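Peer 1: coords below, sequence missing:
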Ligand SMILES: Cc1cc2nc3c(=O)[nH]c(=O)nc-3n(C[C@H](O)[C@H](O)[C@H](O)COP(=O)(O)OP(=O)(O)OC[C@H]3O[C@@H](n4cnc5c(N)ncnc54)[C@H](O)[C@@H]3O)c2cc1C
């Protein structure tokens, strides 16, 4: 087994090209949008600026880093993707500009794996071209999103159509989306509780897909919609995957999608740590710089060590996802689950410490920290709440000990 953390010259060149592109194109574009308040006052100017950056990314060959070349992507593996995502997310618009943003990114993986040829041409192609957006509709207000076996949205067959009724919320992107991947219950008595749901592709807008509101969150109204679904009809050819495979499809989608979140969160945490150190080198109090005080050094040291752990966990989980494409028997679920839990919590702690070191400035919106903090809180429960990951991690550890007499397999199955 070779363990080598150095990058090939080609990959290093890609990483540097992404960094240069983010610094020279995306960050200035983002600053223009912010300074001129384009989003609030000039929608055409705002969209024009976004599309200009996307066009530039495509021209630079920095487009769809997560997709194979046959779909117009960069054809990177997950380890390589980690480098690109962590550079792209240094700007909040970076992933969108490179067309690797959630939820489209996860939906692209899902369609590429589960879609029929016709579905891929109709839905995946425009996503990859950047001419369409999508959403993923699973969570419901009435039941715990953490347990998809509780889903109450139902679909029943009527001739060659399926009729869907239910209630969804927090559906990101729903108002912009040209289609939704929707999860509904189709099986009354599945062999196992996880086999009750099926995925459907719904063209939007659609009769029966009723947009109730965009939910206001702690970081504002941000495109997460509540949807009432009433007698929505879809043709049977719109089923994605087989009957009862909705849970499997969700799990398949969540592995790479969760890790992609982690890659972007690493970028955010690194920004917060850079800012923490920068501030501590400039702020003077009680006879010395903050950077010279042991209490502040502990905040910096803890953040540094946690970010290092996060990077190693993400790289290892990405390596396992790549390994699965060569050997179907490889299972990356445990590593992705541990990485997702750790990185989400690390992100919250590092931003919190950075705000602390900035004092009142950190609490203001004069720096990006307040905004980053509001966003980061979501990371601890979305795409698997902390406690659910902990439950699964503990189950695997207990299982490994029970069957092997050792917990080693559950701790990354590493050769140490
Ligand atoms: C910004 C944002 C965007 C989102 N985008 C989407 C989207 O595009 N599509 C979509 O379908 N959903 C989306 N969601 C919903 C998200 O996936 C859910 O919030 C998540 O799955 C958790 O479900 P829930 O909110 O119903 O919480 P619940 O399942 O009710 O859980 C609440 C809390 O209960 C605890 N808990 C739950 N189960 C256990 C357990 N077994 N043991 C111990 N504690 C437990 C945890 O602390 C958990 O945080 C989004 C949410 C947010 C905030």
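Peer 2: Sure, I can see it. This structure is a prediction, so every number in the text was calculated from the model and none was measured. Numbers count the residues shown, from 1 in each chain.

Peer 1: got the contact list for stretch 19-34?
Peer 2: 38-39, 46, 49-50, 52-53, 56-57, 60, 62, 87-88, 90-94, 97 (Cβ atoms under 8 Å, 6 or more residues apart in numbering). In this view, the C-beta of every residue, glycine as well, is placed from N, C-alpha and C.

Peer 1: Drop anything exposed from these.
Peer 2: Neighbour-count burial (16 or more other Cβ atoms under 10 Å) applied to the contacts of stretch 19-34 gives 38, 46, 49-50, 53, 56-57, 62, 87-88, 90-94, 97.

Peer 1: sec struct for residue 224, please.
Peer 2: At residue 224 the chain is in strand, as set by DSSP: H, G, I helix; E, B strand; the rest coil.

Peer 1: Among the contacts of stretch 19-34, which lie within helices?
Peer 2: 38-39, 46, 49-50, 52-53, 56-57, 87-88, 94, 97 (DSSP state H).

Peer 1: Give me the phi and psi for residue 7.
Peer 2: Per-residue torsions, residue 7: phi -100, psi 150 (degrees, to the nearest 10).

Peer 1: Give me the buried positions along the helix or strand that contains residue 323.
Peer 2: For residue 323, the host element (DSSP states H and E) is helix 294-326. Buried residues in helix 294-326, counted by 16+ other Cβ under 10 Å: 296, 299-300, 303, 306-307, 310-311, 313-323.

Peer 1: for stretch 22-37, same thing?
Peer 2: Here stretch 22-37 shows 22, 25, 26, 27, 29, 30, 33 as buried, counting by 16+ other Cβ under 10 Å.

Peer 1: Please, which helix or strand holds the last one?
Peer 2: The reference is to residue 33. Counting by DSSP H and E, residue 33 is found in helix 27-35.

Peer 1: Of the contacts of stretch 19-34, which ones also sit close to the ligand?
Peer 2: For the ligand, no contacts are drawn from the contacts of stretch 19-34 by Cβ under 6 Å from any ligand atom.

Peer 1: that older thread, would you list the buried residues of stretch 22-37 in CSV and tack on pLDDT and distance to residue 186?
Peer 2: Shown next, in CSV, are these (pLDDT from 0 to 100; distance: Cβ to Cβ, whole Å):
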residue, pLDDT, distance to residue 186
22, 97, 43
25, 97, 46
26, 97, 42
27, 96, 46
29, 95, 44
30, 93, 43
33, 92, 43
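
Peer 1: Could you check how far the closest residue to residue 218 other than its chain neighbours is from the ligand?
Peer 2: Take residue 218 and drop its neighbours on the chain: the residue closest to it by Cβ to Cβ, 6 or more residues apart in numbering is residue 374, 5.2 Å away. Counting by Cβ to the nearest ligand atom, to the nearest Å, the gap from residue 374 to the ligand is 10 Å.

Peer 1: So residue 374 sits against residue 219, correct?
Peer 2: Yes. If you go by Cβ atoms under 8 Å, residue 374 and residue 219 touch, sitting 3.8 Å apart.

Peer 1: show me where the stretch 1-150 of the chain has strands.
Peer 2: 134-137 (DSSP state E, counting those that start in this stretch).

Peer 1: Which pLDDT value belongs to the residue in the stretch 201-350 of the chain that the ligand sits nearest to?
Peer 2: Using Cβ to the nearest ligand atom, the closest approach of the stretch 201-350 of the chain to the ligand is made by residue 224 at 4.9 Å. Residue 224 is assigned 95 on the pLDDT scale.

Peer 1: if I look at it, how far off is residue 135?
Peer 2: 9 Å (Cβ to Cβ, to the nearest Å).

Peer 1: Counting neighbours around each, name which of the two comes out higher.
Peer 2: residue 135 (26 against 20; other Cβ atoms under 10 Å).

Peer 1: Alright, calling it a day.
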